[in-house]
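1. what shape does this take:
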Amino acid sequence: MTKVIHASSSLWRRIRLYSGDGRYGRELVAALVAYAAVLVPTIVVVNANQDAAWRFPVAVLPMIPLVFALFAWVRFFRRMDELQQRIALEALAFAFGGTALITFSYWFLQDAGFPDLNWFYVWPIMAGLWTIGGQLAKRRWL
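-> Predicted coordinates:
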């Protein structure tokens, strides 16, 4: 239990470190809590009403809190100093380009007979490459 508390407090300190006053952490956590609060009932309602025409707009309701998370993320980047912004831009450029290379390569492999993959896999690929790109950019600039 203490390891979990230590890990979460360490993460919170890191969020505060990069955002200065902790606003980003509060904004992001609020948006993610709202997302979780909307996600569970949405799944229950959509699964219980498989034939209803209104299930499609209801199915995307959890995306509304994530719009607020996106705005928090953009504000977080605007509050960074120039060096942090440059590192973040290089990390995102690496992730964007790398994800394009991987997904296009897999598209060609699908034409050759590989199985179809769910689009959900694109985000973990991009997040992983973003992390790698961030480490490479930090090594270059720091």
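2. what about L117, how many residues nearby?
-> 13 (other C-beta atoms under 10 Å). In this view, the C-beta of every residue, glycine as well, is placed from N, C-alpha and C.
3. helix/strand/coil for it?
-> coil (DSSP: H, G, I helix; E, B strand; the rest coil).
4. isn't it up against L109?
-> No. Using C-beta atoms under 8 Å, L117 is not in contact with L109; the gap is 9.9 Å.
5. and for these two, which residues touch both?
-> Among the neighbours of L117, none is also in contact with L109 (C-beta atoms under 8 Å, 6 or more residues apart in numbering).
6. now do the contacts for F71.
-> Per C-beta under 8 Å, 6+ apart, neighbours of F71: E27.
7. what residues of the helix or strand where it lies count as buried?
-> If you go by DSSP states H and E, F71 is part of helix 63-79. Along helix 63-79, these residues count as buried under the neighbour rule (16 or more other C-beta atoms under 10 Å): 65, 68-69, 72, 76.
8. do stretch 109-119 as well
-> For stretch 109-119, it's none, nothing buried (16+ other C-beta under 10 Å).
9. ends of that stretch, how far apart?
-> 15 Å (C-alpha to C-alpha, to the nearest Å).
10. give the rounded mean pLDDT of that stretch.
-> Mean pLDDT, stretch 109-119: 93.
11. counting by contacts, list what the top helix by length along the chain packs against.
-> In the chain, assigned by DSSP state H, the helix with the most residues is helix 82-111. Where contact means 3 or more C-beta pairs under 8 Å, 6 or more residues apart in numbering; DSSP states H and E, helix 82-111 is packed against helix 122-141.
12. what count of nearby residues applies to the residue found closest to R86 once you drop the neighbours it is linked to in the chain?
-> In this structure, R86 finds its nearest non-sequential neighbour in W141, 6.6 Å apart by C-beta to C-beta, 6 or more residues apart in numbering. Counted with other C-beta under 10 Å, the neighbours of W141 add up to 11.
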